[in-house]
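Q: What shape does this take:
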Amino acid sequence: MSKEEILFFLNSNKDKAITNSPAPFMNWLAPVLLNFSEGSLELAYTVRPEMANPVGILHGGVIAAIIDDSIGATLITYGKLEFHATINLTIDYLGAAKPGDSIIAITKVIKKGKQLTNAICEIWNKDKTRMLAKGSSNLLLANQYAIQS
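A: Model (predicted):
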């Protein structure tokens, strides 16, 4: 994909649920792309019943997956389709959400190097008045592992 095709993909998915990503897991999460700029994304998610744990709140593993997937997706805002492997992921769980709730993920790349990228993600309630989780990650450029179509 060229930089123009990537920007077209981002712009054509703005304010819509992403269901046509090359990443099947992102399609399952079905976030709505609210905003993007180079090194940053803002995505909205609706918590579905299958995302809940046995006590009826958003499963910590799903929160981790949202943070990891959102951070990974942020790297496409640089206009290159490259594969980055997560080499660590640190999460603080600060609040809860339940099925039917809308949550917002806001990402920011802190440092992008030639091989290593550091980024953060915050998960908020829909009004952005209560942080539910925050995470940070380092990702390694690993194009040799990308599946070629």
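
Q: Pull out the buried residues from the host helix or strand of Lys108.
A: Using DSSP states H and E, Lys108 sits within strand 102-112. The neighbour-count check on strand 102-112 (16 or more other C-beta atoms under 10 Å) flags 103-109, 112 as buried. Bear in mind the C-beta positions are built from the backbone N, C-alpha and C, glycine included.

Q: From those, pick the one nearest Met51.
A: Ile103 (10.1 Å; C-beta to C-beta).

Q: Give me the pLDDT value at Ser149.
A: We note a pLDDT of 47 for Ser149 in this prediction.

Q: Same question for Asn13.
A: On the pLDDT scale, Asn13 gets 86.

Q: Please tell me I have it right and it contacts Asn20.
A: Yes: assessed by C-beta atoms under 8 Å, Asn13 is found in contact with Asn20 at 7.4 Å.

Q: Helices of this protein, residue ranges please.
A: Counting by DSSP state H, the chain has helices at residues 3-13, 24-29, 60-74.

Q: For those helices, could you give me TSV that also reports mean neighbour count and distance to Ala119?
A: Formatted as TSV, the helices of the chain follow (neighbours: other C-beta atoms under 10 Å; distance: least, C-beta to C-beta, whole Å):
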stretch	mean neighbour count	distance to Ala119
helix 3-13	13	17
helix 24-29	15	16
helix 60-74	21	5
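
Q: Appreciated, that's everything.
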